[in-house]
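1. need a structure here:
(one chain, ligands or ions: 2)
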Amino acid sequence: MSAVGKSTNIFWQECSVGKLDRQKLLKQKGCVVWITGLSGSGKSTLACTLDRELYSRSKLAYVLDGDNLRHGLNKDLGFSTEDRTENIRRVGEVAKLFADAGLICIASLISPYRKDRDSCRGILPESSFIEVFMNMPLELCEARDPKGLYKLARAGKIKGFTGIDDPYEPPLNCEIEIKQENGVCPSPNAMAGQVVGYLEEKGFLHE
Ligand SMILES: Nc1ncnc2c1ncn2[C@@H]1O[C@H](COP(=O)(O)OS(=O)(=O)O)[C@@H](OP(=O)(O)O)[C@H]1O
Ligand SMILES: Nc1ncnc2c1ncn2[C@@H]1O[C@H](COP(=O)(O)OP(=O)(O)O)[C@@H](O)[C@H]1O
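-> Ligands and ions are numbered 1, 2, ... in the order given. Prediction:
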């Protein structure tokens, strides 16, 4: 019997089907690919391209996209420091469940604070949290501005916009860094290829 947070008198229930059984069934190892970066850096593009590439290899993945989750699970949260922290904590917990279920969980969120990303890493089994840093310059993200949000932020119509008047803390020790080569951003397929190569090498695409 234990107490966790506000829950008291709770018990952990074990089931006879375990993670290794699911791993055998799916012929893959569950993990979390955590994509972090500025708005417009290409997180969703990478997430969806990677999802498609894994699907074409008969690997089961699922995308948890920050924008989408804010339409449901996280619709009670805004963009204050506390709300962003709670957003990342919740998504980290959900991602952990997906990884335990055996899926390659692709989480794409700005996740601007290092300590929040590190907390997510901390609740996952060793080596199964793969942090991918979209290292794109602010100028590029701002020039892309597909949703017109940077324009609104520059005009002072959105307050606390990441990269403009709210901080983004780049990872110090990420597993994968996606960046421009000679001022050119790799294509979506090349970005996804970089992640697939890592997953292959580390054995996640086999039971
Ligand atoms: N103030 C502010 N700062 C940053 N982003 C903002 C803000 N307000 C709205 N948006 C939109 O919300 C998307 C980011 O949501 P996330 O859940 O990924 O953000 S966070 O991780 O909690 O910081 C982000 O989507 P992406 O462009 O896909 O990153 C924006 O469309
Ligand atoms: N590798 C890429 N090459 C060219 N354009 C890209 C690339 N990745 C993303 N984009 C474009 O940049 C914009 C922002 O990408 P998006 O994936 O929505 O970023 P984020 O999810 O980080 O906000 C979109 O218009 C998208 O088509």
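2. okay, CA-based contacts and neighbour counts for the rest of this
-> Will do.
3. how about the longest helix along the chain against ligand 1, any contact?
-> Determined from DSSP state H, the single longest helix within the chain is helix 81-100. Yes. Using Cα under 6 Å from any ligand atom, helix 81-100 reaches ligand 1 at Arg84, Asn87.
4. which residues are in contact with that helix?
-> Applying Cα atoms under 8 Å, 6 or more residues apart in numbering, the contact partners of helix 81-100 are 19, 29-32, 64, 74, 77-78, 104-107, 111, 113, 116-117, 119-120, 123-124.
5. For it, which residues meet the burial criterion?
-> 84-89, 91-92, 95-100 (16 or more other Cα atoms under 10 Å).
6. Stretch 142-160 now?
-> Of all the residues in stretch 142-160, those buried under the rule 16+ other Cα under 10 Å are Glu142, Leu149, Tyr150, Ala153.
7. if we look at ligand 1, which of those are close to it?
-> Among these, proximity to ligand 1 is found for none (Cα under 6 Å from any ligand atom).
8. Any chance of these in TSV with pLDDT as columns?
-> Output for the buried residues of stretch 142-160, formatted as TSV (pLDDT from 0 to 100):
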residue	pLDDT
Glu142	98
Leu149	98
Tyr150	98
Ala153	98
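9. about what we covered before: can I get the buried residues of helix 81-100 in JSON lines including pLDDT?
-> Conversion of the buried residues of helix 81-100 to JSON lines gives the following (pLDDT from 0 to 100):
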{"residue": "Arg84", "pLDDT": "98"}
{"residue": "Thr85", "pLDDT": "98"}
{"residue": "Glu86", "pLDDT": "98"}
{"residue": "Asn87", "pLDDT": "98"}
{"residue": "Ile88", "pLDDT": "98"}
{"residue": "Arg89", "pLDDT": "98"}
{"residue": "Val91", "pLDDT": "98"}
{"residue": "Gly92", "pLDDT": "98"}
{"residue": "Ala95", "pLDDT": "98"}
{"residue": "Lys96", "pLDDT": "98"}
{"residue": "Leu97", "pLDDT": "98"}
{"residue": "Phe98", "pLDDT": "98"}
{"residue": "Ala99", "pLDDT": "98"}
{"residue": "Asp100", "pLDDT": "98"}
